[in-house]
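In: Okay, structure incoming, though there's no sequence with it:
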């Protein structure tokens, strides 16, 4: 018998099945062979929230949560954050290799010259109320680009796909900046092609009356590092959404908007905003022990600790912690950092948190850093969406070119009523749903 197999005995029938094991997995469709009789549909797995189900094979991002490892195309995240720009990393994620100097120059040029938005898009955004949330504006404006670029529906044309990818990576900061300027009531600022990707974003966010915006290089580099760290993260909720919607052959603008909508939830992209709320609730460093005690009593959650995948210190959190110190040298030390450091110190020494493998994740320090850089909490998820668009698009393209992928459609376990006889109106009782 081949070694890379799994033998299953069905105790209902006494029959034995041998299933091949590949890359540590068995194919769910192989379980369909396991039946109690000809009328049996076959065995399925029941896995709410995909806790132990692989939906694809991917070569983009590798995570080992137990060892705290994150790699893009085989390169450790620590190395990329130290040596690469965000656009260099987007090239790697999308094409599988780091660019040469000439390739990077062309890539940066292409992205830079796709940062401008159609004037009708600006008018679209002007239609929002003064208090519209920036993430809502981003999601709907990205979706609206589907009408601006109807050629995006040619998803099976590699040249068209690449054009839409360049457009989206270029325009995400422009849309994000416009949503911020709308929120604060300032006029929109056009892109400046003389600036780098993050410098231009800062220009569109914060330029006032000066003839030429001069970005602080420390802030610009810190923002670039944050973008590198957030570029992709395997099959998370928003990436799974991108692949699911894209599997219906939806154009990339609508698929990206759907992924951004998934990201907007407080359990996903909005988690760093929840960390700031927690730190505000704690108030001072002296209140940390009492707050920890309350958490251990089951009265609340320790936001920014623990991760669905990482059961060790999130490698991105270490890099953000380092970058935050560089930012504080320019902006001054954020008072929340003292609370955060004390919270981390106690949690990492307390058996309650250590045994549960509750280590700081990327959200723990990113919100503090964003706030120190001058971003309002409402912008935090938007800042997440800008770089993650590159990962979404890489995953989308990988899904489209994978011959095994079809339109996504999970199975369900039926727990409802069997066939029922219709009850005429005059014979129905008032015990149904919706009665008072």
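Out: Yep, that arrived. Computed from a prediction, not measured in an experiment: that's the story for all the values here. Numbering: from 1, shown residues only.
In: use CA for all of it now, contacts and neighbours both
Out: OK.
In: longest helix of the chain?
Out: helix 158-184 (DSSP state H).
In: Tell me the buried residues in it?
Out: With burial defined by 16 or more other C-alpha atoms under 10 Å, the residues of helix 158-184 counted as buried are 161-162, 164-183.
In: and it, what does it pack onto?
Out: Helices and strands touching helix 158-184, by 3 or more C-alpha pairs under 8 Å, 6 or more residues apart in numbering; DSSP states H and E, are helix 101-112, helix 119-126, helix 134-148, helix 197-206, helix 380-400.
In: want to throw the ones you listed into TSV with mean pLDDT and mean neighbour count?
Out: Listed next are these as TSV, based on pLDDT from 0 to 100; neighbours: other C-alpha atoms under 10 Å:
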stretch	mean pLDDT	mean neighbour count
helix 101-112	98	15
helix 119-126	87	13
helix 134-148	96	20
helix 197-206	97	23
helix 380-400	97	24
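In: Would you format these as a markdown table with distance to residue 336 included?
Out: Converted to a markdown table, the helices and strands packed on helix 158-184 look like this (distance: least, C-alpha to C-alpha, whole Å):
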| stretch | distance to residue 336 |
| --- | --- |
| helix 101-112 | 36 |
| helix 119-126 | 34 |
| helix 134-148 | 24 |
| helix 197-206 | 24 |
| helix 380-400 | 16 |
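In: Ok, which of these comes nearest residue 327?
Out: Among the helices and strands packed on helix 158-184, the nearest to residue 327 by C-alpha to C-alpha is helix 197-206 (14.8 Å).
In: Return the residues in contact with residue 35.
Out: For residue 35, the contacting residues are 41, 42, 43, by C-alpha atoms under 8 Å, 6 or more residues apart in numbering.
In: what do you get for residue 389?
Out: 168, 169, 172, 231, 256.
In: Closest to residue 221 out of the residues you listed?
Out: Using C-alpha to C-alpha, the contacts of residue 389 come closest to residue 221 at residue 231, 15.2 Å.
In: does that closest one really touch residue 90, like I thought?
Out: Yes. Between residue 231 and residue 90 there is a contact at 7.4 Å, judged by C-alpha atoms under 8 Å.
In: who touches both of those two?
Out: 390, 391.
In: ok, residue 245 to residue 255 distance?
Out: 6 Å (C-alpha to C-alpha, to the nearest Å).
In: More neighbours: these two, which one.
Out: The neighbour comparison of residue 245 against residue 255 (other C-alpha atoms under 10 Å) goes to residue 255, with 27 against 22.
In: From the contact counts, what lies against the host helix or strand of that one?
Out: Element membership for residue 255, per DSSP states H and E: helix 252-263. Secondary-structure packing of helix 252-263 (3+ C-alpha pairs under 8 Å, 6+ apart): helix 134-148, helix 237-246, helix 380-400.
In: Out of the ones you listed, flag the one nearest residue 82.
Out: Per C-alpha to C-alpha, nearest to residue 82 of the helices and strands packed on helix 252-263: helix 380-400, 16.7 Å.
In: low-confidence ranges in the stretch 1-150 of the chain?
Out: 1-2 (pLDDT under 70).
In: domain ranges for the protein?
Out: 5-45, 60-416 (automatic domain parsing).
In: just the contacts of residue 389 now: which is nearest residue 330?
Out: Using C-alpha to C-alpha, the contacts of residue 389 come closest to residue 330 at residue 231, 25.2 Å.
In: ok, and the closest non-adjacent residue to residue 22?
Out: Closest residue to residue 22 apart from its sequence neighbours, by C-alpha to C-alpha, 6 or more residues apart in numbering: residue 4 at 7.2 Å.
In: Ramachandran coordinates for residue 70?
Out: phi -140, psi 130 (degrees, to the nearest 10).
In: SS state for residue 320?
Out: Here residue 320 is recorded as helix under DSSP: H, G, I helix; E, B strand; the rest coil.
In: Next: residue 62.
Out: strand.
In: Let me see the contact set for the closest residue to it other than its chain neighbours.
Out: Nearest non-adjacent residue to residue 62, counting by C-alpha to C-alpha, 6+ apart: residue 71, 5.1 Å away. Applying C-alpha under 8 Å, 6+ apart to residue 71 gives the contacts 61, 62, 63, 77.
In: Give me the sheet partners of the helix or strand harbouring residue 71 and which way each runs.
Out: Per DSSP H and E: residue 71 is located in strand 69-72. Strands that pair with strand 69-72, judged by DSSP bridges, come out as strand 61-64 (antiparallel), strand 75-76 (antiparallel).
In: Double-check that residue 19 belongs to a strand.
Out: Yes. Counting by three-state DSSP, residue 19 is located in a strand.
In: Which per-residue confidence value corresponds to residue 210?
Out: Per-residue pLDDT puts residue 210 at 92.
In: So it: helix, strand or coil?
Out: coil.
In: burial count for residue 127?
Out: Counted with other C-alpha under 10 Å, residue 127 comes out at 9.
In: gap between it and residue 137?
Out: For residue 127 relative to residue 137 (C-alpha to C-alpha), the value is 10 Å.
In: can you tell which of the helices and strands packed on helix 252-263 is closest to residue 373?
Out: Nearest of those (C-alpha to C-alpha): helix 380-400, 11.4 Å.
In: between the closest one and helix 252-263, how big is the angle?
Out: Comparing the axes of helix 380-400 and helix 252-263 via axes from the mean of the first three to the mean of the last three C-alpha atoms, to 10 degrees yields an angle of 130 degrees.
In: pLDDT weak spots in the stretch 301-436 of the chain?
Out: Ranges of the stretch 301-436 of the chain meeting pLDDT under 70: 431-436.
In: Tell me where it has helices.
Out: Assigned by DSSP state H, counting those that start in this stretch, the stretch 301-436 of the chain shows helices spanning 315-331, 336-349, 351-355, 362-373, 380-400.
In: nearest to residue 276, of the ones you listed?
Out: Closest among the helices of the stretch 301-436 of the chain, using C-alpha to C-alpha: helix 362-373, at 6.5 Å.
In: So which elements touch the closest one?
Out: Using 3+ C-alpha pairs under 8 Å, 6+ apart: helix 362-373 touches helix 271-282, helix 315-331, helix 336-349.
In: I'd assumed residue 183 was in contact with residue 131.
Out: Yes. Using C-alpha under 8 Å, residue 131 is in contact with residue 183, at 6.1 Å.
In: sorry, back to before: take the helices and strands packed on helix 362-373 and lay them out in TSV including mean neighbour count and distance to residue 99.
Out: Formatted as TSV, the helices and strands packed on helix 362-373 follow (neighbours: other C-alpha atoms under 10 Å; distance: least, C-alpha to C-alpha, whole Å):
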stretch	mean neighbour count	distance to residue 99
helix 271-282	20	32
helix 315-331	18	23
helix 336-349	17	37
